[in-house]
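Q: Sequence first, then the predicted structure, then my questions.
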Amino acid sequence: MKKLRDYILLPAIILLALGLGFHLLKSLGETNLKVDQFDIIDLTDFEKKAKINQPSNEDQYIYARQWSWGDEITLRSGRKYIVHLATGDIAHSFHLPAKAMGDPVDVLLLPGQIYRIILQDLKPGIYPIGCTEYCGIEHNKMRTRLVVLE
Amino acid sequence: MTLKGECRSWTILAISALAIAGVFALLLVLSRTPIVQDLLPWPWKSFFHKGLVAHVVFSFVVWFLATLGALWCYRLSQLKNKSVLGSVPIVLAVIGCIGLILPALLDLGTAELNNYVPVMDHWIYYTGLVCLFASLGLIAVRQLFSYEEFDGYKACAILYLLALSCFALAFYYLPDDLARPSYNERLFWGGGHILQFVNTGLLFLTWMLVAKESVITSLYSQVAFGLLVVFAIPGVLIYPLFDVTGQVARDFYTAMLLYGLPLPSFILSIGMASFLLSKRSQNLDPLSRLALWLSFLTYNLGGFYGLMLDGTDTRVPAHYHAVIGGINLSFMIFYHRILLPFLQIGFKEGRLLKAQYWLYGLGQIMHASGMFLAGSQGVPRKTAGQAQSLDNIEKVLSMGLMGVGGLIAVIGGVLFVIMTLRWIIKARGLHEKTA
């Protein structure tokens, strides 16, 4: 009887392990949304653009540095936004929780690069924007808010 | 030095690590207390973060690794093996621990609270870490070549050596000009994740030792430990294939925990649940049964919370506090029921000992659950005061539960350290007298 149980359980465990292993390998390099990456040309210009946040603008700029994302960002639901992200100092990671769009957004920002993502189908609400890459002693204070209006 | 002597030394180091962590916690409080902070002989502003690094590294890294050392020596002495290495590993580990303390006390270097192995950016601290890791590396290699069959102890040795390989590969591939916070984060990122596989293996081993009867058959035990090793191996291969500073490498290790840990944990947890619910567990003494139940519940609660993480809120610490709490409970009962009797260290049974487990277990469950509830409502992690934005009663109550639970757990933890250390010191006195 015990052997019969083993004949069922062991293949089940092996199948499950293979499935998990497959998902692990499949996750390699996989992101929830498409991220385009370019070399940064003018960081000062990027920083200037990041200071202007109009929900009516299709292009939004978010400039990260130790330990700030800049001011609160206001967008409208039902619209499509092209969000440009860059860091002015060391590596940071832009994180928006799943509640905002259905899937979490997490983009690692390395110095010298601009990252472009599309935010759409945003649900009305207030969401925290955080940094998920350790970036110094005040890393946990690096937060701002995304306000999505109706 | 005999294996039993080595085992005693690792036990003393493990419990002392918690005591040192406790002293640093106290110094942290004092360094933020008005008037008292001015009396401390070092700059309190820089001490706060350095003290925090020392507290975390002793309560998490040294405590876990020293217990790993004690477990390996215990296993080999049960097999009647000889030490071979003598006192070299333990001396290295002690030198390492001194290196980990000095920068905080002498105000040297800069503190970095990066994940898994927080650091003081100073050569003394790094030398301390190298000595500590190397000491365990030596006994891991000894474990691999001491006997033939594959078991949980060997699995932990392989996992530990994989983690060390990741640290070495990260050191090799990381560019020297990387900013220090990013450098330290990436240096310990991959190996730090694999150390969590080691910690899971340690939990399984201590569960099986305390239960005395087989929680699962040796076949399923080998499958569970084998799976831990198989899922950790790709962690080493990432370094030559992908940019060590990039997103692919970073996210892979998170996925490795997500896909690699649940199945072995599920196999052992099912075995442990069926054991605890069966008549076989009635043969165990009530304290062991209580501790195993608390460890099982706390660990699995942490695993459950881990399935619902999203970013930077307090659900992240809720997950790891519960998981670590579950592992700590299994270590506590492992020391009280297996190692202290093995080392002929007498100890007192009683209400206080039982209370310690209830306080630590329930305290951790309350602490983690409070954080999980608060995090579900968006309360950010590692913030205080207004930054927490506790703007409704649910958030306030959740954080209240977290605070009360944390306090209760600390009382349980302090009781464990004081009682166990007292018994060890007392037994040492007795041994010296009889010698």
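A: The structure has been received and is ready for your questions.
Q: Walk me through the domains of chain B.
A: B:1-147, B:149-282, B:285-435 (automatic domain parsing).
Q: quick one, which of those is nearest to A:Gly29?
A: Closest to A:Gly29 of the domains of chain B, according to CB to CB: domain B:149-282, at 4.6 Å. All C-beta atoms are positioned from the backbone trio N, CA, C, and that covers glycine.
Q: coming back round to it: would a markdown table of the domains of chain B with distance to A:Tyr134 and mean neighbour count be doable?
A: Shown next, in a markdown table, are these (distance: least, CB to CB, whole Å; neighbours: other CB atoms under 10 Å in any protein chain shown):
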| stretch | distance to A:Tyr134 | mean neighbour count |
| --- | --- | --- |
| domain B:1-147 | 5 | 19 |
| domain B:149-282 | 4 | 20 |
| domain B:285-435 | 11 | 19 |
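Q: neighbours around the residue in chain A that chain B sits nearest to, how many?
A: Minimum separation of chain A from chain B (CB to the nearest CB) falls at A:Gly130, amounting to 3.2 Å. A:Gly130 sits with 24 neighbouring residues when counted by other CB atoms under 10 Å in any protein chain shown.
Q: Could you do the one 5 residues further on as well?
A: Neighbours of A:Cys135 under the rule other CB under 10 Å: 26.
Q: residue contacts, it?
A: A:Gln66, A:Trp67, A:Ile90, A:Ala91, A:His92, A:Met142, B:Pro181, B:Ser182 (CB atoms under 8 Å, 6 or more residues apart in numbering or on different chains).
Q: try 7 Å
A: When contacts are counted by CB atoms under 7 Å, 6 or more residues apart in numbering or on different chains, A:Cys135 touches A:Gln66, A:Trp67, A:Ile90, A:Ala91, A:His92, A:Met142, B:Pro181.
Q: okay, those residues in CSV with pLDDT and distance to B:Ser87 next?
A: CSV is the format used below for the contacts of A:Cys135 (pLDDT from 0 to 100; distance: CB to CB, whole Å):
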residue, pLDDT, distance to B:Ser87
A:Gln66, 94, 45
A:Trp67, 90, 46
A:Ile90, 95, 43
A:Ala91, 96, 42
A:His92, 97, 46
A:Met142, 92, 46
B:Pro181, 95, 37
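Q: need the domains of chain B in a markdown table with distance to chain A, can you?
A: Below are these laid out as a markdown table (distance: least, CB to the nearest CB, whole Å):
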| stretch | distance to chain A |
| --- | --- |
| domain B:1-147 | 5 |
| domain B:149-282 | 4 |
| domain B:285-435 | 3 |
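Q: Those into JSON lines, with extra columns for distance to A:Pro104?
A: Formatted as JSON lines, the domains of chain B follow (distance: least, CB to CB, whole Å):
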{"stretch": "domain B:1-147", "distance to A:Pro104": "18"}
{"stretch": "domain B:149-282", "distance to A:Pro104": "12"}
{"stretch": "domain B:285-435", "distance to A:Pro104": "5"}
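Q: before we move on, back to that, mind listing which of the contacts of A:Cys135 are in strands?
A: Residues of these located in strands (DSSP state E): A:His92.
Q: Pick out the most distant pair among the contacts of A:Cys135.
A: The most widely separated members of the contacts of A:Cys135 are A:Trp67 and A:Ala91, with 12.7 Å between them, by CB to CB.
Q: Who has more neighbours out of these two?
A: Neighbour count, other CB under 10 Å: between A:Trp67 and A:Ala91, A:Ala91 has more, with 25 against 17.
Q: wouldn't the more buried one be in contact with A:Gly112 here?
A: No: using CB atoms under 7 Å, A:Ala91 is not in contact with A:Gly112; the gap is 10.6 Å.
Q: Find me whatever residue is spatially closest to B:Tyr116, sequence neighbours aside.
A: Using CB to CB, 6 or more residues apart in numbering or on different chains and skipping the chain neighbours, the partner closest in space to B:Tyr116 is B:Gly192 (2.6 Å).
Q: Run through the helices of the stretch 251-400 of chain B in chain order.
A: For the stretch 251-400 of chain B, the helices defined by DSSP state H, counting those that start in this stretch cover B:262-277, B:286-306, B:315-334, B:340-342, B:351-376, B:393-434.
Q: now swap in chain A and tell me
A: Here chain A has its helices, by DSSP state H, at A:2-26, A:43-50, A:98-101.
Q: quick one: the longest one near chain B?
A: Read that as helix A:2-26. Yes: on the criterion CB under 7 Å from any CB of the partner chain, helix A:2-26 is in touch with chain B at A:Ile13, A:Leu16, A:Ala17, A:Leu20, A:His23, A:Leu24.
Q: which residues touch the fourth one?
A: So the one you mean is A:Leu20. Contact partners of A:Leu20, counting by CB under 7 Å, 6+ apart, are B:Tyr259, B:Leu263.
Q: which one is the residue nearest to the spatial centre of chain A nearest to, not counting chain neighbours?
A: Chain A has A:Asp106 as the residue nearest its centroid, 2.1 Å off, counting by CA atoms, centre = their mean. Setting aside the residues directly before and after it, A:Asp106 is nearest to A:His95 in space (CB to CB, 6+ apart), at 5.0 Å.
Q: Chain B contacts on chain A?
A: Residues of chain A found near chain B (CB under 7 Å from any CB) are A:13, A:16-17, A:20, A:23-24, A:27-29, A:90-91, A:95, A:97-98, A:104, A:108, A:110, A:128, A:130, A:132-137, A:140-141, A:143.
Q: thinking again about what came up before, hmm, the residue nearest to the centre of chain A is touching A:His92, no?
A: No: counting by CB under 7 Å, A:Asp106 does not reach A:His92; the two are 11.2 Å apart.
Q: quick one on the thing from earlier: tabulate the helices of the stretch 251-400 of chain B (CSV), appending mean pLDDT.
A: Output for the helices of the stretch 251-400 of chain B, formatted as CSV (pLDDT from 0 to 100):
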stretch, mean pLDDT
helix B:262-277, 95
helix B:286-306, 95
helix B:315-334, 94
helix B:340-342, 94
helix B:351-376, 94
helix B:393-434, 86
